[in-house]
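Participant: Here is my input, please return the structure:
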Amino acid sequence: MAKVKPRSAADFELAWKRIFRDWADEKIGVVQKAVLLDGEVCGTIGCRFIVNRWEIGYGFAKSYWGQGVATSAVNLFLDGVVERPLYAKVAVTNIASIRVLTKNKFVLVKKQIAKKTEHCLGREECVFIREHIGK
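Facilitator: Numbers count the residues shown, from 1 in each chain. This is a model prediction of the structure:
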């Protein structure tokens, strides 16, 4: 996405506690994975059910940017997620993430203005959709 406000360590920990609690309680609507490269955690990827639709999101350490890690991780993740359609939102300025999505057969549906929230800055964003399963 980019345009995300940095979280405090406490807020970050709280968000992950919620994810793990929902996973442990087998709640529908949360799929979250750590991404490993050569045995090191380099990012996270997941999807969740938000306002009647599944949305994918991911984040990677800056040291892994530009190496195809996100593209490969999204591709592998999609093999294990059967929910469709699957949506993604990304700031229009995040060209790298737009490439990750288009390489993984997401299609641009529209551009919209997203308001500033507690977690994100106000921004123009692209909304993508992937409707089919498979390569």
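Participant: Show me which helix or strand of this structure is least confident by mean pLDDT.
Facilitator: One helix or strand of the chain scores below all others by mean pLDDT, DSSP states H and E: helix 9-24, with a mean of 77.
Participant: can you count the residues close to Tyr87?
Facilitator: Neighbours of Tyr87 under the rule other CB atoms under 10 Å: 19. Every C-beta, even on glycine, is put in place using the N, C-alpha and C of the backbone.
Participant: hmm, who's touching whichever strand or helix holds it?
Facilitator: Using DSSP states H and E, Tyr87 sits in strand 86-91. The set of residues external to strand 86-91 that reach it, using CB atoms under 8 Å, 6 or more residues apart in numbering, is 1-3, 47, 53-57, 78, 97-98, 101, 106, 114, 123-131.
Participant: now do 6 Å
Facilitator: Contacts of strand 86-91 with the rest of the structure, by CB atoms under 6 Å, 6 or more residues apart in numbering, involve 1-3, 53-56, 97-98, 101, 106, 123, 125-130.
Participant: In ChimeraX, select just the buried ones from the residues you listed.
Facilitator: Filtering the contacts of strand 86-91 down to the buried ones (16 or more other CB atoms under 10 Å) takes a single ChimeraX command:
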select :1,2,3,54,55,56,97,98,101,106,123,125,126,127,128,129,130
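Participant: Can you pick out the ones from the contacts of strand 86-91 that are in strands?
Facilitator: Using DSSP state E, the members of the contacts of strand 86-91 that fall within strands are Arg53, Trp54, Glu55, Ile56, Arg123, Glu125, Cys126, Val127, Phe128, Ile129, Arg130.
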